[in-house]
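[1] Next comes the sequence, and after it the predicted model I'd like to discuss.
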Amino acid sequence: TQISLSFSQQNSKSPQGLVGLRNLGNTCFMNSILQCLSNTPDLRDYCLMNVHRTDINNNCRSQSALMEEFAKLTQTLWTSVSSEPISPSDFKFQIQRYAPKFVGYNQQDAQEFLRFLLDGLHNEVNRVTVQPRVPPEDIDHLPDSEKGKRMWKKYLERENSKVVDLFVGQLKSSLTCNDCGYCSTVFDPFWDLSLPIANKGSEEVNLTDCMRLFTKEDVLDGDEKPTCHRCKARRKCTKKFTIQKFPQVLVLHLKRFSENRFQSSKLSTYCNLSAPQPMYNLYAVSNHSGNTLGGHYTAYCRNPSLGEWYSYNDSRVSPMSSSQVRSSDAYVLFYELLISNSKHKVNKSSNGAVIGREITFLCFYNFSIFYFFIYKPTW
C-alpha cells in the first residue's frame, strides 16, 4: 500500500515532516542525519510509497530490518497527526546491529554515521542479487571519458540501488609522471566529498575555495613518490582529483575535525540571490557545535513540500528564515541537483548521475544560491 500525503493548507494541523526525534542519550548525531535524509525528496518518497519493499523482496541475500525501520521512521515523521516527538529506539537497535560501533550512547561523528547508514540501506535494497564475474579488461588505451563510462557500468553491475541512484558519483584520480609525462587515471565511486578548509588567515574562505583546494594538483615527492608505470621506477608525480560524474544528491563534508580537536575555523553562509541559476541547491545542513569532547548536533532542513526552512534540535522543530541558515557550525551539507533550463544541456546516466566536462565546470562555479563562507577568527 502507498501512504498518501496531503499538504493542503486546510490540513495545516498535520505537522508533516515537522516532527522531532527524542534524544536517547547522546544520539543527536543520529537525529541530525535522520532529519536531513527525511527531507531528501526522492528518498522520502521511496519510503512513503513503499517502493523499498519491492527492492527488498527482490534481494533475498540480505536482511531487511534496517531498511524497514528507516522507512517506518520516515513514514511516521511524514504522516504523524501529532506534534509529539518520536522515539527512534527501534531504528537505533537495527543500526547498531548492522554497525556495532554505534552500540551504547557515546557521542559519534555524524558524517561517519551517514556513511554506515547509507551503506546498510544500499546493501538491503541492492537490485543486484547475483554478483557477476567480470573478466579483466584492458582499457588503458581508451580516452578518459570512455574509461569512466566503462568503470561506471562495471560498478552498476555490482552495486545498483535507489540509494546509489541518489548519492553516488564518480571521482577521477590522475597521476602524471614529472619525468616522462605518462598519465594514469583511476575512477572510483564516492558517496560524499570531504573538503579541506582552506587557510587564508583572517580572510573569508567560501565553499568554492574548499573545492579548489580539494581538486588542486598535489606534488608527490620524497617518500611519497609512486612508481611510474612507464618508467618502471619511483618518480616525482603530480596527483589531481576531478569529479567525473555528479550525483543527484551531493553530500559535502567539511573537514573540521583534526587530531581529535575541533578546529577553530568557523563557517557562515551568504545567500547570493543574484547568482546564475545553480546546478545544485542546498536543502539540508547537519551542524556541529562545541568540540569533540562535548558537542551537539542539530539540522537545518528545507521542507520539500512547504519550501520553508526549519531547525531540528532533537525533539524541538521550529521555523527559520533562509538567512538564518548562515551558521558557523555547518558540518555536512546536502545539495540536490537542479535541472537547468539554460543553453547548457544536462546529460544524465541511467542512474541519474550528471556526466560531462561542461557540467563539472558549471557545478564548480555555480554551486548554489547559498555560498558558504568560512573564516578564522582573529582571536
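    That came in fine, so what should we check first?
[2] Can you show me the CA trace of stretch 224-235 as CSV?
    Below are the C-alpha coordinates for stretch 224-235, written out as CSV (Å, rounded to 0.1, in the frame of the first residue of the first chain):
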residue,chain,number,x,y,z
GLU,A,224,55.5,9.7,-1.3
LYS,A,225,56.9,9.1,-4.8
PRO,A,226,54.9,6.4,-6.6
THR,A,227,56.2,4.0,-9.2
CYS,A,228,55.6,5.3,-12.8
HIS,A,229,54.0,2.6,-15.0
ARG,A,230,56.2,3.6,-18.0
CYS,A,231,59.5,4.4,-16.3
LYS,A,232,59.2,1.3,-14.0
ALA,A,233,60.8,3.3,-11.2
ARG,A,234,59.7,5.6,-8.5
ARG,A,235,59.3,9.1,-9.8
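[3] and for it, what are the contacting residues?
    Counting by CB atoms under 8 Å, 6 or more residues apart in numbering, the neighbours of stretch 224-235 from elsewhere in the structure are L175, C177, N178, D179, C180, Y182, S184, L220, K236, C237. (C-beta placed from N, C-alpha, C; glycine too.)
[4] Now find how far off-centre that stretch is within its chain.
    How far stretch 224-235 lies from its chain's middle: 34 Å, per CA atoms, centre = their mean, to the nearest Å.
[5] quick check: mean pLDDT across that stretch?
    In this model, stretch 224-235 has an average pLDDT of 93.
[6] Name the residues of that stretch that come out as buried.
    K225, C228, R235 (16 or more other CB atoms under 10 Å).
[7] Give me the subset of those lying in strands.
    C228 (DSSP state E).
[8] Closest to V130 out of the buried residues of stretch 224-235?
    The shortest approach to V130 among these belongs to C228, at 38.7 Å (CB to CB).
[9] how close does that closest one get to Y331?
    With the distance defined as CB to CB, to the nearest Å, C228 ends up 39 Å from Y331.
[10] Then K101?
    Distance, K101 to Y331, by CB to CB: 19 Å.
[11] quick one: which of the two has more around it?
    The residue with more neighbours, out of K101 and Y331, is Y331; 26 against 12, by other CB atoms under 10 Å.
[12] Quick check: the more buried one touching D109?
    No - counting by CB atoms under 8 Å, no contact exists between Y331 and D109, whose distance comes to 9.0 Å.
[13] check contacts around E336.
    Contacts here follow CB under 8 Å, 6+ apart; on that basis E336 touches T40, P41, Q248, V249, L250, Y280, N281, Y283.
[14] Now do the SS call for the residue minimising distance to the centre of the chain.
    With distances taken as CA atoms, centre = their mean, the residue of the chain nearest its centroid is V251 (2.3 Å). Taking DSSP: H, G, I helix; E, B strand; the rest coil as the rule, one finds V251 in the strand state.
[15] which residue ranges form the strands in the stretch 101-250 of the chain?
    Read by DSSP state E, counting those that start in this stretch, the stretch 101-250 of the chain holds these strands, from start to end of the chain: 169-177, 183-190, 193-195, 205-206, 218-220, 227-228, 233-234, 237-246, 249-254.
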